[in-house]
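Undergrad: next come a sequence and a model predicted from it.
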Amino acid sequence: MIEQIIFIVISLFTLMMGWVVVSNNNLFHAALALMASFLGVAGLYVMLDAGFLAMAQLLVYIGAISILIIFAIMLTRRMMRTDESPFNSQPGLAGLTAVSVFAVIGFILWQMRQFWPVEPMEGVSLAFKTPVPDSMILDSVAAMGRAFVSPDAFVLPFEIASVLLLAALIGSIWVAWPKTEDEA
Amino acid sequence: MSFSFLEFLKSLVELTTGTYLRQVWGDAPWVDPTLDVIGALLVATFGLLIVLVLIWLERKVIARFQDRIGPNRVGGKYGLLQPVADALKLLTKEIITPAGADLWAYNLAPFLIVVTVLMMWAVMPFAPGMIGVDLNIGLFYVLAISSVSVVTILLAGWGSNNKYALLGAFRAVAQMVSYEVPMILSLLIPILLARSMSTVDIVEAQAVPFIIVVPLSALIFFISSLAEMGRTPFDLLEAESEIVAGFHIEYSGMKFAMFMLAEYASALFMSGLFVIVFLGGYRFFGLETYVTSGGFALGNLIGLVAFFIKMFVMFSVLVWIRGTLPRFRIDQMMDFNWKFLVPLSLALILVVALVDKALPVGVSAWTQAGVHLVSNVLVGAVALEILRWRGRKQREAQEGRQEGLESVGVEATVAEAVAH
C-alpha cells in the first residue's frame, strides 16, 4: 500500500517535471527539470526492484546526457535571455500524436490483461506488480551479466552494440585528430 | 524479549544493536522502517560530524609539512576546537546572493552536493554487519551517485552568474567526466576478481588484499579518485592563481561551508572506498577469522577500528600529497588521462581477465595473487618503457629543432653582417 502511494507520487513528480521541460521559457531550467524527470524515472525503477537499471539511468542520463545538453545550452548564453514562448504553431498536431501514442499503449496494456495479477494480497490489489521473490532480486545482476555473454541469450546484440561503440570511439578520434600540414 | 539496559550496552560494544533491537521489538510492521530511519540518521550524522575531525587533521598535518605549528589556541595546546570555531564563524556570516544569479540553481547546488556525498556512505561497510545497505550493485551505486555530483557543480557555476565560477565549473566537469573513465575501469578489476559489485562481497573476497594482487589497478584508482575529488595535484577547478576559487566563488557563509563539507566528506569517502576495494576493508591480518565467524564477541569492534585506522591513513596520504605536489596544467591533466591512464587501464583489464581465466580452478589465494602480481608488474614495466621511448623521441625532436633554429639564426646574422 505504502509502496503504491510512493510509486504514484514519484510518477506524478516525473510527469510534472516533464511538463516543466516543455513549458518553461528558460532553457536552463528546462534542462534541470529534464534531469529531475530522469531522476523520477530512476526512482520508478527502484520501486520496481530494478536497481541496476536505476543506477544505469542515473549514470547515463543524468551523469552524461544531461551534462551534454547543459553544456550545449551554456555555450549559447543568448538563448537563455529569450522571452519567446516555447510553443510553436503545431500544438494541436503534437497533442494528437501524444493522445494516439497513449491510446496505443493503453490498448496493448488492455490486451495483456490476463497477465495482470489477480489474487489480492491482504485485501489490496497490486497494480501491475507481482511480488518478486527476494532471491531473484539478489541474483538479478549476476543473471543479467551471464545472459549478456551466454550464446543462448544476448551475446549477439551485446557484441553488436560493443562493435558499434568501438566504431563511434574510433570515428570520434579520427574526426578530432589534428590535421597534418599538407592537408590543411 | 524485554529491554535490558545492560544487554543494550553490550550490543552497542559488539555492534549488533540493530539485531538486538529487532529481537526486543519483535516483528511489528513499524520496526523495520524505524530501524532504517535510525540507521540513515546515524550514517548521515557520522558523515557530517567526521568532517570536523578531518579539517583539524588536515590543517595540523599540512602545517607540519610547511614547518608551521598549525591551530594551537582554541581548545587547548593542540587546537582541537579550531574546527568548531571555524564552523561557528561560517554559520554567523552573512549569506550573500549575487545580482543576476539564477536563484534555483544557485540555492539548490550546495544542498544537492552534500546530499550526494552523504548518499554514498550508505554502502560503506564499516565493520562486519555494520553497513547502511548491502546492495548487490554497491560499487555501481557509488559511481552513479558520484556522477550526479558533477551536475551540482554545474548548477553552482552557472547559477552564480560569474565568469570565474563558470570557468571553474567547466573545468570541473571536464575533469570529472574524463577521470570517471579510468576510475570505473580500474574498479572493474577488483569486481572481476571478487565476482561481485557488492562492497561486502569485495571485502570478504580479499583473503589477500587486492593492493598486493593488482597494485597497478590500485594506483590508477588512487590517481583518478584524486582527480574526481578535485584535490591536489588536480585542483584546477579551484586554482586560486587562475580562477580565484572556481565554482564556489560567489558563495558565502554556510552555503560556502556546505561545499567545503562535501569536499572533505567525499575525500574521506574515497579513502574509505580505497580501503574497502584494495586494502581489505575491515579485515585485519589473522583477526578476520574472529571477525567474520562471530565466535569472538569483540570481533566486530576490532573490524571497525581496523577500518578506521586504514581509512585515516589513506586520508593522511591525501594530505601528504597536497603538501608535496604542485598543480598540473590543464592540457597535461587531460593528456595524462586520455593518453596514459585510459589505455593502461584497458590493457590491464584485458590482462587480468585473461590471467584469471587461465589460472586453474582450486589454486591457493596466494598463488593466484602471485601470478596476478607478476602480470601487473609486467604491464607496468611495459607501460613505463613505452613512456620512456616516447619521451626520448619527443626530446630528440625538440632538441633537433632547436639546434636547427640556432644554426639558421647564426647564418642569418652572419649573412646580414656580410651584406653590410
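TA: Cool, the structure landed.
Undergrad: so what's the single nearest residue of the stretch 51-200 of chain B relative to chain A closest to, chain neighbours aside?
TA: Nearest residue of the stretch 51-200 of chain B to chain A, counting by CB to the nearest CB: residue B:147, 2.9 Å away. For the C-beta atoms, the positions are set from N, CA and C on the backbone; glycine is no exception. Counting by CB to CB, 6 or more residues apart in numbering or on different chains, residue A:63 is the residue found nearest to residue B:147 once chain neighbours are left out, at 2.9 Å.
Undergrad: determine the set of other helices and strands touching the helix or strand where residue B:11 lies.
TA: Element membership for residue B:11 (DSSP states H and E) is helix B:5-14. Contacts defined by 3 or more CB pairs under 8 Å, 6 or more residues apart in numbering or on different chains; DSSP states H and E place helix B:5-14 against helix B:17-25, helix B:299-324.
Undergrad: for that helix, the averaged confidence score.
TA: Helix B:5-14 carries an average pLDDT of 73.
Undergrad: ok, which residues in chain B are in contact with chain A?
TA: B:102, B:104-105, B:135-137, B:140-141, B:143-145, B:147-148, B:150-151, B:154-155, B:158, B:166, B:170, B:173, B:177, B:180, B:196-197 (CB under 8 Å from any CB of the partner chain).
Undergrad: now, of those residues, which are buried?
TA: Among the residues of chain B next to chain A, those scoring as buried are B:102, B:105, B:135-137, B:140-141, B:143-145, B:147-148, B:150-151, B:154-155, B:158, B:166, B:170, B:173, B:177, B:180, B:196-197 (criterion: 16 or more other CB atoms under 10 Å in any protein chain shown).
Undergrad: next step: the residues you listed restricted to helices.
TA: Among those, the residues falling in helices (DSSP state H) are B:105, B:140-141, B:143-145, B:147-148, B:150-151, B:154-155, B:158, B:166, B:170, B:173, B:177, B:180.
Undergrad: to what extent is residue B:62 buried, counted in neighbours?
TA: 15 (other CB atoms under 10 Å in any protein chain shown).
Undergrad: could you measure from the nearest residue to it once chain neighbours are set aside over to residue B:179?
TA: Of all residues not flanking residue B:62 in the chain, residue B:323 sits nearest, at 5.2 Å (CB to CB, 6+ apart). Distance, residue B:323 to residue B:179, using CB to CB, to the nearest Å: 22 Å.
Undergrad: and for residue A:179?
TA: Where residue B:179 is concerned, residue A:179 sits at a distance of 28 Å (CB to CB).
Undergrad: need the per-residue pLDDT for residue B:292.
TA: The model's pLDDT for residue B:292 equals 52.
Undergrad: what's the weakest-modelled helix or strand in chain A?
TA: Lowest mean confidence among the helices and strands of chain A (mean pLDDT, DSSP states H and E): helix A:134-149, at a mean of 74.
Undergrad: which is the succeeding secondary structure element to it?
TA: Using DSSP H and E, the first helix or strand after helix A:134-149 is helix A:155-176.
Undergrad: any idea whether residue B:97 is helix, strand or coil?
TA: Following DSSP: H, G, I helix; E, B strand; the rest coil, the label given to residue B:97 is coil.
Undergrad: could you check which residue of the stretch 201-350 of chain B lies nearest chain A?
TA: residue B:338 (9.7 Å).
Undergrad: for the closest residue to that residue other than its chain neighbours, list the residues it contacts.
TA: Closest residue to residue B:338 apart from its sequence neighbours, by CB to CB, 6+ apart: residue B:178 at 6.8 Å. If you count contacts by CB atoms under 8 Å, 6 or more residues apart in numbering or on different chains, residue B:178 has them with B:227, B:334, B:337-338.
Undergrad: for residue B:191, same thing?
TA: B:139, B:197, B:202.
Undergrad: with residue B:78 instead?
TA: B:60, B:71-72.
Undergrad: now swap in residue B:197 and tell me
TA: Contacts of residue B:197 (CB under 8 Å, 6+ apart): A:141, B:135-140, B:191.
Undergrad: same check on residue B:278?
TA: B:190, B:209-211, B:217-218, B:221.
Undergrad: what's next to the helix or strand hosting residue B:117, contact-wise?
TA: Following DSSP H and E, one finds residue B:117 within helix B:103-120. For helix B:103-120, contacts defined as CB under 8 Å, 6+ apart pick out A:28-29, A:32, B:43-44, B:47-48, B:97-98, B:141-142, B:145-146, B:148-149, B:151-153, B:155-156, B:158-160, B:250-251, B:255-256, B:258-259, B:261-262, B:265-266, B:269.
Undergrad: buried subset of those residues as a ChimeraX selection?
TA: Selection of buried members from these for ChimeraX, criterion 16+ other CB under 10 Å:
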select /A:28,29,32 /B:43,44,47,141,142,145,146,148,149,151,152,153,155,156,158,159,160,250,251,255,256,258,259,261,262,265,266,269
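Undergrad: any chance of the contacts of residue B:78 in CSV, with secondary structure, pLDDT and neighbour count too?
TA: Converted to CSV, the contacts of residue B:78 look like this (DSSP: H, G, I helix; E, B strand; the rest coil; pLDDT from 0 to 100; neighbours: other CB atoms under 10 Å in any protein chain shown):
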residue, secondary structure, pLDDT, neighbour count
B:60, helix, 87, 19
B:71, coil, 82, 20
B:72, coil, 80, 15
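Undergrad: so, low pLDDT: which residues of chain A?
TA: A:77-86, A:116-138, A:181-184 (pLDDT under 70).
Undergrad: near chain B, which residues of it are found?
TA: A:28-29, A:32, A:35, A:51-52, A:55-56, A:58-59, A:62-64, A:66-67, A:70-71, A:74, A:138, A:140-142.
Undergrad: out of those residues, which are inside helices?
TA: Filtering these for helices - DSSP H - leaves A:28-29, A:32, A:35, A:51-52, A:55-56, A:66-67, A:70-71, A:74, A:138, A:140-142.
Undergrad: what subset of these is buried?
TA: A:28-29, A:32, A:35, A:51-52, A:55-56, A:66-67, A:70, A:74, A:140-141.
Undergrad: and what about residue B:208, helix, strand or coil?
TA: Per three-state DSSP, the local secondary structure of residue B:208 is coil.
Undergrad: part of a helix, is residue B:68?
TA: No - with three-state DSSP as the criterion, residue B:68 is located in coil rather than a helix.
Undergrad: what about residue B:309, neighbour count?
TA: 12.
Undergrad: check which helices and strands the helix or strand where residue A:9 lies is in contact with.
TA: Using DSSP H and E, residue A:9 sits in helix A:2-23. When contacts are defined as 3+ CB pairs under 8 Å, 6+ apart, helix A:2-23 sits against helix A:27-47.
Undergrad: what comes into contact with the helix it packs on?
TA: Outside of helix A:27-47, the residues within contact range by CB under 8 Å, 6+ apart are A:3, A:6-7, A:10-11, A:13-14, A:17-18, A:20-22, A:24, A:51, A:53-55, A:57-58, A:61-62, A:66, A:69-70, A:73-74, A:79-80, A:82, A:86, B:102, B:104-105, B:151, B:155, B:158.
Undergrad: residue of chain A closest to chain B, please.
TA: residue A:63 (2.9 Å).
Undergrad: where's residue B:284 relative to residue B:128, distance?
TA: 11 Å.
Undergrad: what about chain B, any weak spots by pLDDT?
TA: Looking at chain B by pLDDT under 70, you get B:1-2, B:14, B:237, B:239-243, B:285-298, B:402-420.
Undergrad: spatially central residue for it, please.
TA: residue B:270 (2.5 Å; CA atoms, centre = their mean).
Undergrad: what's around the residue nearest to residue B:147, how many residues?
TA: As a burial measure, residue A:63 scores 24 neighbours (other CB under 10 Å).
Undergrad: so it sits against residue B:140, correct?
TA: No - using CB atoms under 8 Å, residue A:63 is not in contact with residue B:140, being 11.8 Å away.
Undergrad: contact partners for residue 97?
TA: Since no chain was named, I'll use chain A. Here residue A:97 is in contact with no residue (CB under 8 Å, 6+ apart).
Undergrad: that's the other chain; I wanted chain B
TA: B:103, B:106.
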